[in-house]
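Q: Need the 3D shape of this:
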Amino acid sequence: MRKEEFSSRVNPNTSMGSLANESFSIELQQLDSACDTARNQRTHWLLTSPDPPTLCHQLIHSIKKNVGRTTKQSRKEAFFSFLKGLFPILSWGRNYKAAKFKHDIMAGLTLASLCIPQSIGYANLAKLDPQYGLYTSVVPPLIYALMGSSREIAIGPVAVVSLLLSAMVPKIVDPAVDHIAYRNLVYTATFFTGAFQAVFGLFRLGFLVDFLSHAAIVGFMGGAAIVIGLQQLKGLLGINHFTTKTDVVSVLEAVFKSLHNEPWFPLNFVLGCSFLIFILVTRFIGKRNKKMFWLPAIAPLLSVVLSTLIVYLTKADQHGVKIVKHFKGGINPSSLHELQFNSPHIGELAKIGMICAIVALTEAIAVGRSFASIKGYHLDGNKEMVAMGCMNLVGSLTSCYTATGSFSRTAVNFSAGCETVVSNIVMAITVLISLELLTKLLYYTPLAILASIIISALPGLIDISEACHIWKVDKTDFIICIAAFLGVLFGSVEIGLLIAVGISFGKIILGTIRPSVELQGRLPGTDTFCDITQFPVAIETPGILIIRVNNGSLCFANANFIRGRILTAMTNGSEQHSKEKIRVLVLDLSNVMSVDTSGIVALEELHREFVSQGIQLAIANPRWKVINKLKAAKFLDKLGKGWIFLTVGDAVDACLNTKMADFN
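A: The predicted structure is shown next:
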């Protein structure tokens, strides 16, 4: 009980004698003494807390925790524990039952029916021959099935990564001039992608993926979807010569010139649009009737089969319809000898690999965690990074380009009732069989159909409702979203990413160097102190000004700014407290997690300035690292250890205590 609360219970008009009043006075003094003792003990705990662990100790502890084994484990047990952590299939595979396989095989076959035409189309988007998209749907899913922890995610080529490669690698080698050299550079970029992903996971650097904020991803995906759709105009219109640039102005300019300077065969457009409408209608039916989930899944494959038959029977290829023609099938060949580590462009390839690694991980982990939350289990991001890295490393050695988790195919896999990643194994085997037996049957497949399949998958990348939600919640995030969108649309994918990351960093830096400070007051009837602007009912204590710094660090970047804000708040507070001069400034550092020498110098300057004005500085709730730094800098000796408090309430009560009357 606080002194003032106790005093308020004494009725000055009571008829009790002087003896009773003296008794109350003694009890009040005892209460003051007990409160002072408790407050001093709390301050003692604060000042005598042990030193926080150094960075070196934290690093050693992290390594021991992640890779070390307990003393109770034998070497054999530790080895098998390591294998189970690296290959989750060893854990759940022992309990795998035939009932689960029944669901997985149906999901895998459904997944393959969607994967085959999409993989061919995405390979075309990446400016590679069709077989490389199918290769990428064989080896990476098998590796992920051994090392991945997600049960629903579907692995293979995706539109955004294919666009990234087709946008950046041609700046080094034009695929139209030297297709083999271009393909080898793609393999090398994929190797770097896998290497970066594996390193991110092994060293627990998953925070790097968070450099792309949610708002940036929404904008980037929307812009990329429109760019991908415009790129498909080449196949949809049957254009022979097309630009390698990805911005909307260059693409539309290339389309306009081609339609005026080259012969145009409208059959490509009619065929592509007809089956695009068919795919979209089946998707609408599948959304309205959940039991018909298989219809939109097989619609792309059905479109390929029907359009191929139409072209073959009508000989439409002789009337201007562009077709796939023959492409190599069979098992994935080795590409180890084709990696270009001696290339003069190795730095550029490493940069491409880094960008692809971050974008691919961002998409895959977001997809995996979304469906894991539905099933009620946790997905370890670092393990996923290692699995993704290993599958792309092996993929780069087996004629694959960068693979990751696909949202559209994962949704189909989930709807088809998959139980485990065995569905990925079934899909990979089905694609491999298709490579062995069915490649010749795809000779007459029109390119317009592949373009329509890719376009049909793009609406899932454009999330207008989420962009509107971002606008309602955070206007700064909406600016990031729009900047990423416009950067991709009118610049390039790299420019869009750089703008999004740059603005995100700018937001963080601005919040760090220009933090806010708030005046606090006590909520009536409580010991809670809060912002008087947010809670107008909060009561300010006469003669005492309480200021809280709203930032995680007090450092060189913001020390002078915070000092200026405190002085300004002090001046404004003095004007508001004109009836009673401010004697004490309580600085609440509960939000400040760290302080450097610049921050300590700023506190020392504030202390000197307040002393010259007859104002005492008190510090409340300094955090572990902060109090350690203040002790090391001898600032507590200058301030006086009696002016360090565990809570704001302790500081205010101490200032109101009769023992501080001499100061007031």
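
Q: In what element of secondary structure is Gly219 found?
A: helix 214-231 (DSSP states H and E).

Q: typo on my end, it should be Gly330
A: Residue-wise, Gly330 maps onto no helix or strand under DSSP H and E.

Q: Now do the contacts for it.
A: By Cβ atoms under 8 Å, 6 or more residues apart in numbering, the contact list for Gly330 reads 435-436. Quick note: C-beta positions are derived from backbone N, CA and C, even for glycine.

Q: pLDDT wise, what is it at?
A: Looking at Gly330, its pLDDT reads 88.

Q: ditto for Asn21
A: 54.

Q: Show me where the stretch 501-650 of the chain dips below the pLDDT cut-off.
A: For the stretch 501-650 of the chain, the stretches flagged by pLDDT under 70 are 573-580.

Q: That one: strands as residue ranges?
A: Applying DSSP state E, counting those that start in this stretch to the stretch 501-650 of the chain gives strands spanning 516-522, 529-531, 544-550, 553-554, 584-588, 594-595, 616-620, 644-645.

Q: picking that back up, summarise which helices and strands the helix holding Gly219 is packed against.
A: helix 159-168, helix 248-261, helix 447-457, helix 464-473, helix 475-490, helix 493-513 (3 or more Cβ pairs under 8 Å, 6 or more residues apart in numbering; DSSP states H and E).

Q: quick revisit: now the strands of the stretch 501-650 of the chain in a markdown table, with mean neighbour count and distance to Ala98?
A: As requested, the strands of the stretch 501-650 of the chain are arranged in a markdown table below (neighbours: other Cβ atoms under 10 Å; distance: least, Cβ to Cβ, whole Å):
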| stretch | mean neighbour count | distance to Ala98 |
| --- | --- | --- |
| strand 516-522 | 19 | 61 |
| strand 529-531 | 19 | 61 |
| strand 544-550 | 21 | 59 |
| strand 553-554 | 23 | 57 |
| strand 584-588 | 24 | 63 |
| strand 594-595 | 20 | 56 |
| strand 616-620 | 22 | 65 |
| strand 644-645 | 23 | 67 |
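
Q: now these in JSON lines, with distance to Leu142?
A: Shown next, in JSON lines, are these (distance: least, Cβ to Cβ, whole Å):
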{"stretch": "strand 516-522", "distance to Leu142": "53"}
{"stretch": "strand 529-531", "distance to Leu142": "56"}
{"stretch": "strand 544-550", "distance to Leu142": "51"}
{"stretch": "strand 553-554", "distance to Leu142": "47"}
{"stretch": "strand 584-588", "distance to Leu142": "57"}
{"stretch": "strand 594-595", "distance to Leu142": "46"}
{"stretch": "strand 616-620", "distance to Leu142": "59"}
{"stretch": "strand 644-645", "distance to Leu142": "61"}
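
Q: what's the closest of the ones you listed to Cys56?
A: Ranking the strands of the stretch 501-650 of the chain by proximity to Cys56 (Cβ to Cβ) places strand 594-595 first, at 16.8 Å.

Q: returning to that earlier point: closest one to Leu236 among the helices and strands packed on helix 214-231?
A: helix 447-457 (4.4 Å).

Q: avg pLDDT for the host helix or strand of Glu77?
A: Using DSSP H and E, the element containing Glu77 is helix 75-86. Mean pLDDT, computed over helix 75-86, is 76.

Q: Please pull up the helix or strand immediately following that helix.
A: Per DSSP H and E, the first helix or strand lying C-terminal to helix 75-86 is helix 89-92.

Q: Please indicate which of the helices and strands packed on helix 214-231 has the most neighbours on average?
A: Among the helices and strands packed on helix 214-231, helix 447-457 has the highest mean neighbour count (mean count of other Cβ atoms under 10 Å), at a mean of 27.

Q: and for that helix, what are the contacting residues?
A: Contacts for helix 447-457 (Cβ under 8 Å, 6+ apart): 117-118, 120-122, 124-125, 159, 228-229, 232-236, 238, 268-269, 271-273, 275-276, 279-280, 283, 300, 303-304, 307-308, 321-324, 408.

Q: Equivalent analysis for stretch 528-544, please.
A: 518-524, 546, 548, 576-577, 579-586, 588, 648-649, 652, 655-656, 664.

Q: isn't Leu109 right up against Val426?
A: Yes: contact criterion Cβ atoms under 8 Å: Leu109 and Val426 qualify, at 6.4 Å.

Q: which of those two has more neighbours?
A: Val426 (23 against 18; other Cβ atoms under 10 Å).

Q: ok so, going back, pLDDT on the helix or strand following the helix holding Gly219, on average?
A: Once helix 214-231 ends, the next helix or strand along the chain (criterion: DSSP H and E) is helix 233-237. For helix 233-237, the mean per-residue pLDDT is 85.
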